[in-house]
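S.K.: Need coordinates for the following:
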Amino acid sequence: MGLGEFFQKYFVNPIKYNQGYNPVNTTVYAIILGVAVLLLYKMLKKMGIKIDERFFVALMPYIILGPLMRAETDTGMLPRTYLTVSPGGYFVIATFAIAALFVVWRHLGPGEKLYPLYRDFGWVLVGGLIFILLINLDKANFRWSYFAYFIPTLLAAELVIWALGKKFDLIRNNRVLFYTHFYDATTTFVGIQFFGFWEQHVLAREFMRLFATPAAMYIEKLVVLVPIVWLLDVYMEDEDPELINFVKLAMFILGFGPGTRNLLIAFMGA
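M.R.: Predicted structure coming up:
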C-alpha cells in the first residue's frame, strides 16, 4: 500500500464516508493534540496570558462554536465538508480562537481588558451560527422527548461522581472534569440506547463491545480519566501549575465539546 492509499484509507475515507475513527487516525490525532497543547501553552506564556478562570470564561464561546457548527452540518444547515466535521472542524474553530486571541492581544496586551473583548468576539461568532440556525429551522426536527431520557440519566450519572467525590480526594479535587466527562458519556449512552446513534471512537466502541452496553462509556471515562488526573496531580505536582491547568482545560474541552455536539445533534434530529 502506497502512502497515498494509506492516507486515503485511514484519514480521508473515514471522513468522506462517515466511518468514524480507527486506531491509525486516532493515534495520529492524539499526537497532534498533545503537541498542539504544548505549543499553545508556550505561546500563551510568551504572550503573558495566564491560564486562570478569566481565560476559561473568555474561551467558552469558542468551545461552543464546534458543537454548534457540527450540529448544523449534520442537519444540512451547513455544507458537509472536511472543514465542518471532525477533526477538520476542530482545526477551523481552533484557528478562529487563536487568531482572535492574537488580534486582541496585539491591540490590548495581556491586561484585564483582553479577556472580556476576546470573550465578546467569540459570542459574536456564536451569534452568527445561531442566526444560521434561525433561518434554517425548517431543516431541524426537534426531539423534545430526548430530554425525558437525558435529564434523569444525567442526574443519576452525576450522582455517582458526587458519591465518588465524597470518598476519593482525586475525584473531588477534579470534580468539574469528571462531571463534564460523565455529561459527555450520558449524551453518548442516551443517543445510542434510545435513538439509534453509533459511537465513532475506537476505545469507546471496544468498551461497548466488551460490556455489551453503551453504559460502558461511564467505565471508559473512569479508566481514562483517573490515571491522567493522578499523573497531573501527584506525579507532576512540582510542575508549572499553569501547565497543569492548561492540560486540564484541554481535557474539559474534550468532554464538554463532544458532549454538547451529541446533545445538539440528537435534539435537532440530525
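S.K.: how deep is Leu225 tucked in, by neighbour count?
M.R.: 20 (other CB atoms under 10 Å). Using the backbone N, CA and C atoms, a C-beta is placed for each residue, glycine as well.
S.K.: Not counting sequence-adjacent ones, nearest residue to it?
M.R.: For Leu225, ignoring the flanking residues on the chain, the nearest one in space by CB to CB, 6 or more residues apart in numbering is His181 at 5.9 Å.
S.K.: Count the neighbours of the one you found for me.
M.R.: If you count neighbours by other CB under 10 Å, His181 ends up with 26.
S.K.: Next: Met47.
M.R.: The tally of other residues near Met47 (other CB under 10 Å) stands at 15.
S.K.: cool, and Phe246?
M.R.: Phe246 is flanked by 19 other residues according to other CB under 10 Å.
S.K.: Next, the contact list for it, please.
M.R.: Residues in contact with Phe246 (CB atoms under 8 Å, 6 or more residues apart in numbering) are Val37, Leu40, Tyr41, Leu44, Ile51.
S.K.: quick one: which of those residues is most hemmed in?
M.R.: Ile51 (22 neighbours).
S.K.: what secondary structure does it sit in?
M.R.: Using DSSP: H, G, I helix; E, B strand; the rest coil, the structure places Ile51 in coil.
S.K.: re earlier: any idea which element the residue nearest to Leu225 lies in?
M.R.: helix 175-195 (DSSP states H and E).
S.K.: mind listing what's buried in that helix?
M.R.: Within helix 175-195, the residues that count as buried by 16 or more other CB atoms under 10 Å are 177-192, 194.
S.K.: which element is Leu263 on?
M.R.: Using DSSP H and E, Leu263 falls within helix 241-267.
S.K.: what about that helix, distance to the chain center?
M.R.: The chain centre lies 4 Å from the centre of helix 241-267; the measure is CA atoms, centre = their mean, to the nearest Å.
S.K.: Could you pull out the buried residues of that helix?
M.R.: So helix 241-267, judged by 16+ other CB under 10 Å, has buried residues 242-249, 251-267.
S.K.: do stretch 14-31 as well
M.R.: Buried, per 16+ other CB under 10 Å, within stretch 14-31: Pro14, Ile15, Gly20, Tyr21, Asn25, Thr26.
S.K.: And the fourth one, its phi and psi?
M.R.: When read as degrees, to the nearest 10, the backbone of Tyr21 gives phi -90, psi 160.
S.K.: Surely it touches Glu199?
M.R.: No: under the criterion of CB atoms under 8 Å, Tyr21 makes no contact with Glu199, lying 9.5 Å away.
S.K.: what about the closest residue to Thr73 other than its chain neighbours, how many neighbours?
M.R.: In this structure, Thr73 finds its nearest non-sequential neighbour in Thr84, 4.4 Å apart by CB to CB, 6+ apart. By the criterion of other CB under 10 Å, Thr84 has 16 neighbours.
S.K.: mind listing what Thr84 touches?
M.R.: Counting by CB under 8 Å, 6+ apart, Thr84 has contacts Met69, Arg70, Thr73, Leu78, Val92.
S.K.: so which of the contacts of Phe246 would you say is closest to Ala99?
M.R.: Nearest to Ala99 among the contacts of Phe246 is Leu40, at 12.7 Å by CB to CB.
S.K.: need the helices for this protein, in chain order.
M.R.: Ranges of helices within the chain are 3-7, 13-16, 23-47, 53-74, 88-108, 114-134, 146-167, 169-173, 175-195, 202-211, 216-230, 241-267, based on DSSP state H.
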